[in-house]
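*Asks:* the sequence and its predicted three-dimensional model are supplied below.
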Amino acid sequence: MELTLGELVVLGTLAERPRHGYDIEQVVEQRGVRRWTDIGFSSIYYLLDKLTARGLAEADDDRPSPKARRVVRITDRGRRTAAAGVRELLADAGIPARSFVAGLAHAGLLPAHEVDEALRTRLVGLDARIDAVVAARTAQEPLPPEARDVFSFSLSQLRAERSWLAERVQVPDE
């Protein structure tokens, strides 16, 4: 992905409407974003500057006074870049859960049919991961209890995600 999770979060909030740094901080706090990203208050301003320098966001230079808060908006390029990042986070079954949550949080950057398509792609990848874990477990049997627990825990997580995805994209949960 061309963006870090922090950059995606900032662009995703700017895609909702133009905002200043403190406003983004309020969104991050209210939505519990820090549970799945490492974005800090001071890093929001750093990320705004970085995204602006890359042409993914632009600052409003028509501030009424130098002390007025700088409002930043997403550019068309920023919206396309964020949408591509969301698509990747939703579709890749190898992406860690916290990154997948970031993709879900900003899925509004994509049309509904693209979100469904990405989730169906993830479902296919998840089935392959489940098959691979089952094959690895079978190939190593008999296993010590600790190793059996690792496989069991991993399969439980993968199957729970698969069940959620199957319900979300309305395919049979097998």
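*Replies:* That came through fine.

*Asks:* hmm, what's the outermost residue in this structure?
*Replies:* Relative to the centre of the chain, the most outlying C-alpha is that of P142, 37.8 Å out, by Cα atoms, centre = their mean.

*Asks:* E58 versus that one, what's the distance?
*Replies:* For P142, the distance to E58 equals 61 Å [Cβ to Cβ, to the nearest Å]. Where you see a C-beta, it was placed from the backbone N, CA and C, and this is true even at glycine.

*Asks:* try D149
*Replies:* Taking Cβ to Cβ, one finds D149 at 51 Å from E58.

*Asks:* the more surrounded of these two?
*Replies:* E58 (17 against 11; other Cβ atoms under 10 Å).

*Asks:* partners of the helix or strand hosting the more buried one, with directions?
*Replies:* For E58, the host element (DSSP states H and E) is strand 57-59. Sheet pairing for strand 57-59, assigned by DSSP bridges, gives strand 72-74 (antiparallel).

*Asks:* packing partners of whatever helix or strand comes next after the partner strand?
*Replies:* For strand 72-74, the following helix or strand on the C-terminal side (DSSP H and E) is helix 76-91. When contacts are defined as 3 or more Cβ pairs under 8 Å, 6 or more residues apart in numbering; DSSP states H and E, helix 76-91 packs onto helix 5-16, helix 97-105, helix 112-139.

*Asks:* flag every buried residue along helix 76-91.
*Replies:* Within helix 76-91, the residues scored as buried using 16 or more other Cβ atoms under 10 Å are G78, R79, T81, A82, A83, G85, V86, R87, E88, L89, L90, A91.

*Asks:* mind checking how far the residue nearest to S99 when sequence neighbours are not counted is from I39?
*Replies:* In space, and not counting its chain neighbours, S99 is closest to L89: 5.3 Å by Cβ to Cβ, 6 or more residues apart in numbering. Computed as Cβ to Cβ, the L89 to I39 distance reads 15 Å.

*Asks:* what sits against Y45?
*Replies:* G21 (Cβ atoms under 8 Å, 6 or more residues apart in numbering).

*Asks:* distance of G6 relative to Y45?
*Replies:* Applying Cβ to Cβ, the value for G6 to Y45 is 12 Å.

*Asks:* over to A15?
*Replies:* 19 Å.
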